[in-house]
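**Student:** Predicted structure and sequence below. I'll ask about it afterward.
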Amino acid sequence: MKDLRNVVLFVLVVALVPVLTSSGVVLNFVMTALYACLLAQAWNILGGFGGQFSFGHALFFGTGAYAQAILQLQFNVNAWLALPLAMAASAMVGAWVGALSFRYGLKGSYFALVTLAFAEVFRIVALSVPFTGAGVGLMLPLQSSAAAMQFGTRAGFVWLMLGLVALALCVTVWLRHSRFGAYLQAVRDNEDAARAIGVNPFQVKLLATVLSGGLMGAGGAFYVQVFQYIDPGIAYGPHTSVEALVGAIVGGMGTLWGPVVGALALHVLADLTRNLFGQLPGINMVIYGAVLVMIVMFLPRGFAGSEVSVRAAWQRWTGGRS
């Protein structure tokens, strides 16, 4: 109940932002920060709680984005109905990839490379087939209406993304306190020991992939509604996968608020470096990368585990003396 109360408080506070300000800059910042939080939370389910590092979560993002666009353009499905269908399509792709990978015992770096390969395969396919628009991509027509999920201001998109983030947070709360979540973390810590006590690692990891894929697909569907365009490079490019995993790792894997804090911190850092050093091409990315390296070196547990990391560093420095 404490976790749920914190989630409700977070949602209420963020929901008040569009009420208190109509600034496009502020609302756009909140919207994109929430978008980054959703991607990090989606990756955290499989990578943080399940210990299955994926380098190809763009596979699920792109599937959700294309499903959202194709359902509207070719089947005249309303955007609100297309959203859960797009999430279901991404979840099905997650089930397919997970079944193939886990059936043959792939894990660790092998699983990471397989997900990266699947994302690249889907990108090449999307470049070739006509229903994805091939290399040209797909563009949604402008319909400035809440019924079409194309809001006149950023406030509507903030509330929509906040709802998706709240869903991801509730799934994470469930993982923290449910029997399935305990099974998933047991598989992450020691798969052989988990199997010895009756846990089926294949089923547990498969369901985690389905959940993670569905939430990542929601991010792709949201992207299409905001920018009204998608192409294979955007849909299945590695930058989306990197954004998702870095946010979770920096914030703290396997935690409730770590991905939120990590995604927000990285978003603030990216905006600051872009605004301060945007006139010097590449400098902002150098600073951004250097800060990430420092965080990984000195806060290996992420921001959520900073107290533990600092205590461990202090004990090493003092030789274990209090």
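**Tutor:** Nice, thanks for sending it over. Residues are numbered from 1 along each chain as shown.
**Student:** show me the contacts for Gly48.
**Tutor:** Ala248, Met253, Gly254, Thr255, Gly258, Pro259 (C-beta atoms under 8 Å, 6 or more residues apart in numbering). Yep, even glycine has a C-beta here, placed from its N, CA and C like the rest.
**Student:** Which one (most neighbours) among those?
**Tutor:** The residue in the contacts of Gly48 with the most neighbours, by other C-beta atoms under 10 Å, is Pro259 (37 neighbours).
**Student:** so which strand or helix has that one?
**Tutor:** Pro259 belongs to helix 258-277 when elements are defined using DSSP states H and E.
**Student:** quick one: average confidence on the helix or strand following that helix?
**Tutor:** Moving toward the C-terminus from helix 258-277, the next helix or strand (DSSP H and E) is helix 283-298. For helix 283-298, mean pLDDT rounds to 75.
**Student:** quick check, distance from helix 283-298 to the centre of its chain.
**Tutor:** Centroid separation between helix 283-298 and its chain, computed with C-alpha atoms, centre = their mean, to the nearest Å, is 20 Å.
**Student:** relative to helix 258-277, how tilted is it?
**Tutor:** Inter-element angle recorded for helix 283-298 and helix 258-277: 140 degrees (by axes from the mean of the first three to the mean of the last three C-alpha atoms, to 10 degrees).
**Student:** Show me what helix 283-298 is packed up against.
**Tutor:** Packing partners of helix 283-298 (3 or more C-beta pairs under 8 Å, 6 or more residues apart in numbering; DSSP states H and E): helix 238-251, helix 258-277.
**Student:** Apply 6 Å and report the result again.
**Tutor:** Judged by 3 or more C-beta pairs under 6 Å, 6 or more residues apart in numbering; DSSP states H and E, helix 283-298 is in contact with helix 258-277.
**Student:** now the helix it packs on against helix 238-251, angle please.
**Tutor:** Here helix 258-277 points in a direction 110 degrees away from that of helix 238-251 (the same axes, to 10 degrees).
**Student:** and the most centrally placed residue in the chain, what does it touch?
**Tutor:** In the chain, the centroid-proximal residue (C-alpha atoms, centre = their mean) is Leu39; its distance is 1.5 Å. With contact set as C-beta atoms under 6 Å, 6 or more residues apart in numbering, Leu39 has these partners: Gly219, Glu243, Ala244.
**Student:** Gln203 versus that one, what's the distance?
**Tutor:** The spacing between Leu39 and Gln203, counted by C-beta to C-beta, to the nearest Å, is 25 Å.
**Student:** ditto for Trp174
**Tutor:** Taken as C-beta to C-beta, the span from Trp174 to Gln203 is 17 Å.
**Student:** Equivalent analysis for Pro141, please.
**Tutor:** Pro141 sits at a distance of 42 Å from Gln203 (criterion: C-beta to C-beta).
**Student:** The two: which is more packed in?
**Tutor:** Applying other C-beta under 10 Å to Pro141 and Gln203 shows that Gln203 carries more neighbours, namely 13 against 9.
**Student:** Three-state assignment for the more buried one, please.
**Tutor:** helix (DSSP: H, G, I helix; E, B strand; the rest coil).
**Student:** give the contact list for it.
**Tutor:** Contacts of Gln203 (C-beta under 6 Å, 6+ apart): none.
**Student:** swap in Leu245?
**Tutor:** Trp43.
**Student:** change it to 8 Å
**Tutor:** Residues in contact with Leu245 (C-beta under 8 Å, 6+ apart) are Ala40, Trp43, Gly47, Phe53, Ser54, Phe55, His57.
**Student:** Gly105 too?
**Tutor:** Residues counted as contacts of Gly105 (C-beta under 8 Å, 6+ apart): none.
**Student:** quick thing: my sequence starts at 41, can you match it?
**Tutor:** Will do, 41 is the new start, and the previous item becomes Gly145.
**Student:** I figured Tyr269 was touching Pro181, is that so?
**Tutor:** No - contact criterion C-beta atoms under 8 Å: Tyr269 and Pro181 do not qualify, at 11.1 Å.
**Student:** How about the secondary structure of the nearest residue to Gly175 once chain neighbours are set aside?
**Tutor:** Of all residues not flanking Gly175 in the chain, Leu167 sits nearest, at 5.4 Å (C-beta to C-beta, 6 or more residues apart in numbering). Using three-state DSSP, the secondary structure recorded for Leu167 is helix.
**Student:** before we move on, what about Phe95?
**Tutor:** Applying three-state DSSP: Phe95 is coil.
**Student:** all strands for the stretch 141-290 of the chain, in order.
**Tutor:** Applying DSSP state E, counting those that start in this stretch to the stretch 141-290 of the chain gives strands spanning 178-179, 269-270.
**Student:** partners of the last one in the sheet?
**Tutor:** Strand 269-270 has the following sheet partners, assigned by DSSP bridges: strand 178-179 (antiparallel).
**Student:** neighbouring contacts of the strand it pairs with?
**Tutor:** For strand 178-179, contacts defined as C-beta under 8 Å, 6+ apart pick out Tyr106, Ala109, Ile110, Leu113, Thr172, Gln268, Tyr269, Ile270, Asp271.
**Student:** Fine by me, we can end here.
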